[in-house]
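> coords please:
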Amino acid sequence: MLIAVRIVLVSLLLLVVVSQANYFAAGRSYDYQYVWHPVETQDHELGGNLGSCIQQSPGILGCAIFPSDAVFADRSLPSRNMLSMPAPTIVNPNFVTTPLVVIVQNVPTVPVLEDIAFLKFNTTGVLPYAIVASHARPLNASLWLFAEFVNGFYNASVRVYHVPSNDWRENTLTWNNMPAIDMSHYDVNLVRGANRWYRWNVTSDVTRDIQSGVSSFALMAGFTSSMNDAWFISRAREGNMTFLPELNLYFREPTLTLATSLPHLTATVDGLSFQSDSSGVLKVPVPWGVHHIAVPASVSMGQGENGIFVGWSDNFSSGNRDIDIGNDLTLRANFQIQYRLDVYSPYASTNGSGWYSAGEVAYATVQPTRVFSEGVMGFLGVQHVFDRWTQDCAATAPMCSIIIDGPKRVDAVWRDDYSMTMLEIVAMIAAAAVVFSLSKRTRTRRR
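I've put the predicted structure just below:
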């Protein structure tokens, strides 16, 4: 049984070798089994050009970024940097090396052929300043690689992992010093043929790296198998950048959402006026960057009702502000509802009229509670006396408490007090009677 298994394994390996021999016999003048070349003075012979961005459609920006570093590490040569060895070098007699590709493989030979490719992308050097400064997150991020060769089974499993550290260079990386790889998650694709593009979703990884401005990835075979042998172009060939690895990023212009409890609120964004809907929500698409937002300090909501601005949901206190927007942003403008209390009285002085927050307790007062009537009646001692409150208060005391849950009005009701006048009249009559009586006695005595 063991002999039979060995025969099967040897047959599979022979099939791979034959398929590779047929591939190079087809007239290709180069192959990519091992990638060794002198260190370049510029990034991948691109003259420092690491990519570009173009407007894909209204509100959508697409960026294609080329790697700043690309290299693979070989398990069988653990201390060798695959870009720093002299070229040309014949490692395998069947293949002539050339500095154009990275290799991903995990083939069960003795020893195992295992290669891990590393790619680094400098996003800050390509993205517009407004996107970098506002920490905009990509809508989608994809890693695209062009396969130059795939094993004879045409079914290589290639996984892309995130590399947290960007502290590595293509001209010094080896199997022994390669950076740690985050193995917690990955995206996988099956490479089923050569001369095709293949895509891996790396959105979450690039989003994590967007503030640092650099993203690194490791490409590994999914498992040990004769099928897992794939080579991808990593260098420009004779100035042709068509098949270079690309990190494609798509950004959508952010939407600013202003929310408030006030319907039909007028706010300004960069000097332009916008009005919220009946539920108090306002949505404005804005480009990446710094924007000026303003809401009114107070809003009239009808007779006796106002909305007073008290601050933003992010604790910014001023209604006028500048804010850097890179992603969809929702800000709530907080308004305190206030109601008007009016205190009226035909006499004396009142206190308590003004604006109060909803739910607050207000006090209406009147002083003094007695005032003389006007004109002759006042001269005669008639007084106006506070009697009670009416409208939104029914108290009989000169101070009334009102819970403010809407516009309020209280009126002081007075009554006239004639008691002092009647006493004065009685006193005057009595006095007159005394005077009359005394005068009568005096006349009688004289007679």
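
> and Ala230, what's its pLDDT?
As predicted, Ala230 sits at a pLDDT of 85.

> what helix or strand does it sit in?
Element membership for Ala230, per DSSP states H and E: strand 229-233.

> direction included, what does that strand pair up with?
Sheet pairing of strand 229-233 (DSSP bridges) gives strand 101-107 (antiparallel), strand 140-150 (antiparallel).

> and the next helix or strand past that strand?
Following strand 229-233 in sequence, per DSSP H and E, is strand 246-252.

> just want the angle from that next one to strand 140-150.
Relative orientation of strand 246-252 versus strand 140-150 (axes from the mean of the first three to the mean of the last three Cα atoms, to 10 degrees): 160 degrees.

> report the mean confidence score over strand 246-252.
95.

> quick one: that strand to chain centroid distance?
18 Å (Cα atoms, centre = their mean, to the nearest Å).

> for it, name the packing helices and strands.
Counting by 3 or more Cβ pairs under 8 Å, 6 or more residues apart in numbering; DSSP states H and E, the packing neighbours recorded for strand 246-252 are strand 51-57, strand 60-65, strand 140-150. Quick note: C-beta positions are derived from backbone N, CA and C, even for glycine.

> parallel or antiparallel, which strands does the shortest one pair with?
Strand partners for strand 60-65, identified by DSSP bridges, are recorded as strand 51-57 (antiparallel), strand 246-252 (antiparallel).

> next one: stretch 59-68 to chain centre, how far?
Offset of stretch 59-68 from its chain centre (Cα atoms, centre = their mean): 21 Å.

> contacting residues around that stretch?
For stretch 59-68, contacts defined as Cβ atoms under 8 Å, 6 or more residues apart in numbering pick out 43-44, 46, 49-56, 119-123, 125-128, 131, 139, 234, 241, 244-253, 285.

> comparing the strands paired with strand 229-233, which yields the minimum mean pLDDT?
Minimum mean pLDDT among these: strand 101-107, a mean of 67.

> next SSE after that one?
From strand 101-107, the next helix or strand downstream (DSSP H and E) is strand 113-122.

> in the helix or strand following that next one, what's buried?
Using DSSP H and E, the next helix or strand after strand 113-122 towards the C-terminus is helix 129-133. Within helix 129-133, the residues that qualify as buried are Ala130, Ile131, Val132, counting by 16 or more other Cβ atoms under 10 Å.

> can I get those residues in TSV including pLDDT and distance to Ser212?
Converted to TSV, the buried residues of helix 129-133 look like this (pLDDT from 0 to 100; distance: Cβ to Cβ, whole Å):
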residue	pLDDT	distance to Ser212
Ala130	90	18
Ile131	91	14
Val132	88	11
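
> ok, so of those residues, who is nearest Arg80?
In terms of Cβ to Cβ, no member of the buried residues of helix 129-133 lies closer to Arg80 than Val132, at 36.4 Å.

> gap between the closest one and Ala194?
37 Å (Cβ to Cβ, to the nearest Å).

> where does the prediction get shaky in the stretch 101-250 of the chain?
Residue ranges of the stretch 101-250 of the chain with pLDDT under 70: 101-102, 104-111, 152-153, 227, 236-240.

> now the helices for the protein?
Along the chain, the stretches classed as helices by DSSP state H are 2-25, 129-133, 203-209, 375-379, 419-446.

> how does this protein divide into domains?
2-252, 255-337, 345-422 (automatic domain parsing).

> deepest of the ones you listed, which one?
With neighbours taken as mean count of other Cβ atoms under 10 Å, the domains of the chain reach their highest mean count in domain 2-252, at a mean of 17.

> check this structure for its longest strand and report it.
strand 329-344 (DSSP state E).

> ok, Ile131 - contacts?
Leu61, Phe251, Trp288, Gly326.

> one more time with 10 Å, if that's ok
Taking Cβ atoms under 10 Å, 6 or more residues apart in numbering, we find Ile131 in contact with 53, 61, 63, 123-124, 137-138, 210, 249, 251, 287-289, 326.

> for it, give its distance to Phe217.
21 Å.

> then Phe372?
Distance from Phe372 to Phe217, by Cβ to Cβ: 94 Å.

> so His264 touches Val299, yeah?
Yes: using Cβ atoms under 10 Å, His264 is in contact with Val299, at 9.3 Å.

> how distant is the strand holding Ala230 from the center of its chain?
Worked out by Cα atoms, centre = their mean, strand 229-233 lies 39 Å from the chain centre.

> now tabulate the buried residues of helix 129-133 in TSV and tack on distance to Val269.
Converted to TSV, the buried residues of helix 129-133 look like this (distance: Cβ to Cβ, whole Å):
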residue	distance to Val269
Ala130	16
Ile131	19
Val132	22
